[in-house]
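Colleague: next one to model:
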Amino acid sequence: MGNSMAEQRIRVGIVGAGENTRVRHIPGFRQIPGVEIAGVVNSRPETTAKVAAEFGIPKTYARWEDLVADPQIDAVQIGTYPNLHSAITCAALNAGKHVLCEARMAASLQEAQQMLAASEAHPQLVAQIVPSPLGLECGEYVGNLIRNRFLGELREVVVIGANDQFWDFSRLLHWRQQRELSGVNVLMLGILQETVSRWIGPTSRVFAQSTIFEATRPAPQGEISLDVTVPDSVQVVTELANGGRGIYHISGTILFGPATQIHLYGSLGTIKVEFGSAEKVWIGRANEKEIRLIELPAEKKGHWRVEAEFIGAIRGTEPVRYTDFATGVQYMEFTEAVAISAESGRAVELPLTKLA
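Modeller: Prediction:
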């Protein structure tokens with residue numbers, strides 16, 4: 001029985017073959033026995049044809065609705081901009097397809113909640129969000145340190161994602177700078193929140209400010225300039241459910257910034273994680289003179305296995321750990337609360353249902 005489940009043939013259809021899909025998901029699926037990438041549809045016929053030719057995908061579609069409705073497709077991988085995630089996900093689940101949806105989960109909390117409701121209406125189907133890749137390598141090790149009381153009581157959290165990604169305002173407007181495509185999330189806020197939430201538990205209150213330092217960019221389609229509608233700088237202070245405090249520095253418009261880090265400060269010790277080509281973990285406790293870089297044992301390192309986890313969940317051989325829809329809704333709620341706070345100038349309590 002186990003072998004037949006493990007070898008179950010699964011035909012995957014791709015809606016939106018963006019960079020992450022081409023670089024990670026297609027190769028990931030192709031490494032799994034019994035998995036076939038059976039069809040693809042992109043935003044335009046010419047790019048659909050190009051992707052199909054590049055990867056030898058046998059079937060193309062004129063519209064995403066046609067792929068989702070195809071009875072020859074068992075599972076749908078969604079790699080579009082976030083503004084389409086909810087519509088495609090709900091349609092795919094209602095059509096009896098398993099869903100792997102690229103992060104960020106949706107353009108808004110309301111859309112993410114619609115996705116969660118659709119998945120709960122079809123509990124026999126796998127519904128997974130592509131996880132934040134940050135922390136996949138060191139996350140289990142850091143989590144074990146915390147569970148074993150290395151930090152003592154968590155007091156402060158510092159979350160940093162600050163770089164020069166959008167510093168050069170002469171570069172073309174990016175989709176992540178367009179609210180109609182990307183939604184309310186800002187820069188690395190969502191993926192960093194997803195990562196840190198694996199370690200710190202729920203946030204109960206946020207107070208945020210944001211700004212757009214470079215108001216316009218050249219349009220990708222021509223010589224006109226378009227307005228930037230997503231902040232390129234945001235700062236957040238938070239209160240955690242356990243009484244701890246947090247500070248977030250998120251920016252895409254500073255030179256020689258601190259890049260990507262998470263600091264956890266406790267009553268007994270400190271853990272600092274630095275993200276880059278490899279994940280570096282620094283630890284120190286009260287009886288030590290200085291913080292030290294630890295060498296993660298190979299057997300304790302995690303790695304990217306999103307596609308294998310998705311297929312394993314469909315075959316019933318493992319659960320979805322990174323990331324189920326309920327977890328996705330939690331980080332969507334955080335990013336929504338930050339946007340509400342920054343726009344209103346007031347603190348926002350979490351969960352947001354308290355406002356109803």
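Colleague: residues of stretch 152-167 that come out buried?
Modeller: The neighbour-count check on stretch 152-167 (16 or more other C-beta atoms under 10 Å) flags Leu154, Arg155, Val157, Val158, Val159, Ile160, Gly161, Ala162, Asn163, Gln165, Phe166, Trp167 as buried. Bear in mind the C-beta positions are built from the backbone N, C-alpha and C, glycine included.
Colleague: these two touch, right, the fifth one and Ile262?
Modeller: Yes. Counting by C-beta atoms under 8 Å, Val159 touches Ile262, with 5.5 Å between them.
Colleague: and for those two, which residues touch both?
Modeller: Overlap between the contact sets of Val159 and Ile262, as judged by C-beta atoms under 8 Å, 6 or more residues apart in numbering, is given by Leu192, Val196.
Colleague: if we can go back for a sec, would you list the buried residues of stretch 152-167 in TSV and tack on secondary structure, pLDDT and distance to Ser132?
Modeller: Converted to TSV, those look like this (DSSP: H, G, I helix; E, B strand; the rest coil; pLDDT from 0 to 100; distance: C-beta to C-beta, whole Å):
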residue	secondary structure	pLDDT	distance to Ser132
Leu154	strand	97	20
Arg155	strand	97	24
Val157	strand	98	16
Val158	strand	98	17
Val159	strand	98	12
Ile160	strand	98	15
Gly161	strand	97	11
Ala162	strand	97	17
Asn163	coil	95	16
Gln165	coil	91	17
Phe166	coil	89	20
Trp167	coil	92	23
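Colleague: nearest to Thr60 among the residues you listed?
Modeller: Proximity to Thr60 was ranked across those by C-beta to C-beta; first place goes to Gln165, at 33.0 Å.
Colleague: that closest one and Asp70, how far apart?
Modeller: From Gln165 over to Asp70 the distance is 37 Å, taken as C-beta to C-beta, to the nearest Å.
Colleague: and what of Gly345?
Modeller: With distances taken as C-beta to C-beta, Gly345 is found 49 Å from Asp70.
Colleague: same drill for those two, tell me which one is more crowded.
Modeller: Asp70 (18 against 9; other C-beta atoms under 10 Å).
Colleague: ranges for the helices of the chain?
Modeller: Counting by DSSP state H, one finds helices in the chain at the ranges 2-6, 19-20, 26-30, 45-55, 64-69, 85-94, 109-121, 139-147, 179-182, 189-200, 306-315, 325-344.
Colleague: as JSON lines, the ones you listed with distance to Pro231 and mean neighbour count would be great.
Modeller: Output for those, formatted as JSON lines (distance: least, C-beta to C-beta, whole Å; neighbours: other C-beta atoms under 10 Å):
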{"stretch": "helix 2-6", "distance to Pro231": "46", "mean neighbour count": "10"}
{"stretch": "helix 19-20", "distance to Pro231": "23", "mean neighbour count": "12"}
{"stretch": "helix 26-30", "distance to Pro231": "33", "mean neighbour count": "18"}
{"stretch": "helix 45-55", "distance to Pro231": "30", "mean neighbour count": "15"}
{"stretch": "helix 64-69", "distance to Pro231": "30", "mean neighbour count": "20"}
{"stretch": "helix 85-94", "distance to Pro231": "21", "mean neighbour count": "22"}
{"stretch": "helix 109-121", "distance to Pro231": "17", "mean neighbour count": "18"}
{"stretch": "helix 139-147", "distance to Pro231": "28", "mean neighbour count": "17"}
{"stretch": "helix 179-182", "distance to Pro231": "10", "mean neighbour count": "17"}
{"stretch": "helix 189-200", "distance to Pro231": "10", "mean neighbour count": "23"}
{"stretch": "helix 306-315", "distance to Pro231": "29", "mean neighbour count": "22"}
{"stretch": "helix 325-344", "distance to Pro231": "7", "mean neighbour count": "22"}
